[in-house]
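>>> Give me the fold of what follows.
(one chain, ligands or ions: 1)
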Amino acid sequence: MIIRARYVLPMDAPPIRDGNVLVEGERIVAVSSSGAIPDVDLGEAVLFPGLINAHCHLDYTDMLGLVPWRGDFRDWILQITALKKQWTEDRYLASINHGLAELARTGTTSVVNIECYPKLVARLAPTPLRVWWCVELLDLTWSEDSRRMVEHADRWLKTQPRGGLAPHAPYTTSAPLYRLAARTAREHGWLLTTHLAETRGENEMFRLQGDPVSLAELGVLGTNCVAAHGNHLSDAEAESLARAGGSVVHCPRAHRFFGRGEAPWGLWRRAGLNSCLGTDSLASNESLDLRAEMRTVTQFPARDVLAMATVNAAKALNCEGKLGKIAVGSWADLAAVPLDGDPYESVARSEKPVCFSMVGGKVVQQ
Ligand SMILES: [Zn+2]
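Numbering: from 1, shown residues only. Sure, this is the predicted structure:
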C-alpha cells in the first residue's frame, strides 16, 4: 500500500514534500518523494510517526472531573483510592475502553499504560494499538505478599506481547519490592516504569519509617527504566539515570493541574536524559490527546517536541528502528493531520484533528 501526503516527516531526515510511504505487511519498505500512484492520497496533510504516550493510566479515564485538586497531593491520591473502592469491574472496563478509543482518535499508536487490574485485559475488545501493559505494584512494607504480587505479574506478562512492571512510587513501594520488580523486568526484557520524584519530600508522605534510598538501591537504573515526572531529581540522580540509559516522562498538563511551575528541562538536558511525553490519567488531565500535551510545551521548536513523542519514546521502549520514525524497516505506525502552515507545527501546534492513523500496516482511522 502506498500512502501519499503533502509532507512526510521521517524524523531522522528533513520533511519530504509530496512524500510516498510504501507499506508492506506491518512494515515500511520505502519512503520517497512522489513516484507511483498512491492507494491512499491524504492530500494537503502531514504524515508523521504514530505518537507514543509514555505514561498513562487507562483505568482512570472515566475519573475525568471527579477528583478535584485541593492543593494537597496526598489528599488527591486518597480521593482516588476512595473512588477506586466504589468502582466495579465493568466500570473499569468501560473506562479502559474509553481511553483506548480516545488514544486511537488522537494519533497515538503506542501507549505505556500502568494497569492495576491486569485480569480485566482479557475481557477488553482487541485494540489495534500497541499497549505496554505495565502491572502496578505497591506494598508500603515488604511481606510475602509482595513476592507473590511480582510472581503473579510475571506469569501474566508472559501471556502478553509486550508489557512491564510498574512499582508505583518510592513512597508506596518497599525497596525489596522495587529490587525484585527490577530484577524480574531485566530478566525478561520488560519495561520498568515508576513514578519518581514527582513531588518534593514525597518519601516522607506515606512511608513514615525508613530512610530515602538511592535509585541504584531501588534497582531502577537500566535502559528499560521509564521514570514518570522526575520533577525533583537531584543532578546526581538525573545523571545516573541518563548514564544507565533510562528515560524521564514529562506530563505537561498534569503538571499544570497540580499547579507546578516550569518543568526542570535544564536539569534533564544537562544530565543528557532522554525525555518523553505522557498524559498521565484523567484524574489529573482533560484528555488523552498527546498533541494537546505537545501544544503545552512551547519552550522548544515543534520538531523537538514531536521528537519527544516519537523518536525519544521509541528509545525509552527499546524500540529504536521499529517505532518513532518513518523509515525503511520500521513498523508502519503512522498518523496524519491537515497541513496548517509549517509541517512540524501542523502536528505539534495546530489543533486540527487527526485525519488518518495506522498501526502495523492496518488502518485505524481514515
Ligand atoms: Zn501516573
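>>> check which helix or strand covers Asn20.
Using DSSP states H and E, Asn20 sits within strand 16-24.
>>> cool, and Cys276?
strand 274-277.
>>> His55 now?
According to DSSP H and E, His55 maps onto strand 51-56.
>>> Note down every partner strand of the strand holding Asn20 and its orientation.
strand 2-8 (antiparallel), strand 27-33 (antiparallel) (DSSP bridges).
>>> what comes up buried for the helix or strand of the chain with the lowest mean pLDDT?
Scoring the helices and strands of the chain by mean pLDDT, DSSP states H and E places helix 215-218 at the bottom, with a mean of 86. Under the neighbour-count criterion of 16 or more other C-beta atoms under 10 Å, helix 215-218 has 215, 218 buried. Any C-beta I mention is one placed from the backbone N, CA and C, and that applies to glycine too.
>>> mind saving the C-alpha coords of the following helix or strand past that helix as CSV?
Counting by DSSP H and E, the next helix or strand C-terminal to helix 215-218 is strand 225-229. Written as CSV, here are the backbone C-alpha positions of strand 225-229 (Å, rounded to 0.1, in the frame of the first residue of the first chain):
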residue,chain,number,x,y,z
CYS,A,225,13.6,2.3,33.1
VAL,A,226,10.8,4.8,32.2
ALA,A,227,10.6,7.2,35.1
ALA,A,228,7.4,9.3,35.2
HIS,A,229,7.7,13.0,36.2
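>>> quick thing: my sequence starts at 520, can you match it?
Will do, 520 is the new start, and the previous item becomes strand 744-748.
>>> Please list the outside residues in contact with strand 744-748.
Contacts of strand 744-748 with the rest of the structure, by C-beta atoms under 8 Å, 6 or more residues apart in numbering, involve 573-574, 631, 683, 710-717, 739, 760, 763-770, 774, 795, 797, 799, 835-836.
>>> Among those, which are located in helices?
If you go by DSSP state H, the contacts of strand 744-748 have 760, 774, 835 in helices.
>>> Could you check how far the nearest residue to the last one once chain neighbours are set aside is from Leu676?
With C-beta to C-beta, 6 or more residues apart in numbering as the measure, Ser766 is the residue that lies nearest to Ala835, at 3.7 Å, once sequence neighbours are left out. Plainly put, Ser766 is 20 Å away from Leu676 if you go by C-beta to C-beta, to the nearest Å.
>>> More neighbours: the two, which one.
Set Ser766 next to Leu676 and count neighbours by other C-beta atoms under 10 Å: Ser766 wins out with 27 against 22.
>>> That one reaches Cys795, doesn't it?
Yes: counting by C-beta atoms under 8 Å, Ser766 does reach Cys795; the two are 5.7 Å apart.
>>> tell me, what's touching the two both at once?
Counting by C-beta under 8 Å, 6+ apart, the residues touching both Ser766 and Cys795 are 573, 745, 831-832, 835.
>>> of these, closest to Gly778?
Ala573 (22.6 Å; C-beta to C-beta).
>>> Quick one: end-to-end length of stretch 869-876, please.
17 Å (C-alpha to C-alpha, to the nearest Å).
>>> re earlier: out of the strands paired with strand 535-543, which is closest to Leu585?
When the strands paired with strand 535-543 are compared by C-beta to C-beta, strand 521-527 sits nearest Leu585, at 39.2 Å.
>>> and that closest one, how far from the chain's centre?
Computed by C-alpha atoms, centre = their mean, to the nearest Å, the chain-centroid distance of strand 521-527 equals 26 Å.
>>> what mean pLDDT would you report for it?
Average pLDDT, strand 521-527: 98.
>>> picking that back up, what's the most distant pair in the shared contacts of Ser766 and Cys795?
Greatest spatial distance in those: Val745 and Asn831, 11.0 Å, computed using C-beta to C-beta.
>>> what is in contact with those two at once?
Shared contacts of Val745 and Asn831, defined by C-beta under 8 Å, 6+ apart, are found at 766, 795.
>>> And these two? Which one has more around it.
Remark: of Val745 and Asn831, Val745 carries more neighbours, 28 against 24, as counted by other C-beta under 10 Å.
>>> Just give me the longest helix of this structure.
The helix that spans the most residues within the chain, counting by DSSP H, is helix 608-624.
>>> Which other helices and strands does that one contact?
If you count contacts as 3 or more C-beta pairs under 8 Å, 6 or more residues apart in numbering; DSSP states H and E, helix 608-624 packs onto strand 570-575, strand 881-884.
>>> Adding mean neighbour count, distance to Ile522 and mean pLDDT, write these out as CSV.
Listed next are those as CSV, based on neighbours: other C-beta atoms under 10 Å; distance: least, C-beta to C-beta, whole Å; pLDDT from 0 to 100:
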stretch, mean neighbour count, distance to Ile522, mean pLDDT
strand 570-575, 30, 17, 98
strand 881-884, 17, 9, 96
